[in-house]
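Student: What would the 3D arrangement of this be:
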Amino acid sequence: MTPLWSTDVSYDDTNAFARILRGEIPCIKVTETEEALAIMDIMPQSDGHVLVIPKAPAAEIFDLPDAALVAAIRMTQRLAVAVRAALNPDGVFVGQFNGSAAGQTVPHVHFHVIPRWKGADLRMHARDMADSETLTALAQRIRAQL
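Tutor: Sure thing, here's the model as predicted:
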């Protein structure tokens, strides 16, 4: 099926998520299917921030094939449930950005699952690197709830 709207921007397969999907750069994996990969955000806005990355090569949601979109949303929901069970936040934010003007920092469509606690501000998006050991421990807790 043809996407509803196209950005007419060609997909750049050298972006960080494409490289992660090919195994060229490391990640802290939470779960994976044939259609999507969930990883810990290395620059999280809160502890437990997970990214769901469709494996289809699309920069923005407008260009994502239907099957890839369905698989990614299903995984996003599973991760939101697991994050809530593992970390007991007051809420869970699910977000998706399209284009740099909207806040997208990696030109490969992806979904954010971000736990939120009352009174706790979010850290700045894509700013500070988190400790690898902390991310690994959080991934294990979330993975145990899948």
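Student: what about residue 112, which SS state?
Tutor: strand (DSSP: H, G, I helix; E, B strand; the rest coil).
Student: Return, as residue ranges, the portions of the chain with sub-threshold pLDDT.
Tutor: 1-9 (pLDDT under 70).
Student: Using the three-state scheme, assign the spatially most central residue of the chain.
Tutor: Among the residues of the chain, the one closest to the centroid is residue 51, at 1.6 Å (Cα atoms, centre = their mean). Following three-state DSSP, we place residue 51 in the strand state.
Student: How far does stretch 82-90 sit from its chain's centre?
Tutor: Distance of stretch 82-90 from the chain centroid (Cα atoms, centre = their mean, to the nearest Å) equals 16 Å.
Student: buried stuff in it?
Tutor: Within stretch 82-90, the residues that count as buried by 16 or more other Cβ atoms under 10 Å are 82, 83, 84, 86, 87, 89. From N, CA and C alone the C-beta is placed, and that goes for glycine too.
Student: Please enumerate residues in contact with it?
Tutor: The set of residues external to stretch 82-90 that reach it, using Cβ atoms under 8 Å, 6 or more residues apart in numbering, is 46-48, 50, 92, 113, 115-118, 138, 141-146.
Student: Now with 10 Å, please.
Tutor: With Cβ atoms under 10 Å, 6 or more residues apart in numbering as the test, stretch 82-90 has contacts from 30-31, 38, 46-50, 91-92, 94, 113-120, 138-146.
Student: ChimeraX command for the buried members of those residues?
Tutor: Typed into ChimeraX, the next command selects the buried ones out of the contacts of stretch 82-90 (criterion: 16+ other Cβ under 10 Å):
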select :30,31,38,46,47,48,49,50,92,113,114,115,138,139,141,142
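Student: Just the ones of the contacts of stretch 82-90 in helices?
Tutor: Here DSSP state H is the test, and these give 138, 139, 140, 141, 142, 143 as lying in helices.
Student: can you pull the contacts of the first one?
Tutor: This means residue 138. So residue 138 contacts 28, 30, 40, 44, 47-50, 83, 86-87, 115, 130 (Cβ under 10 Å, 6+ apart).
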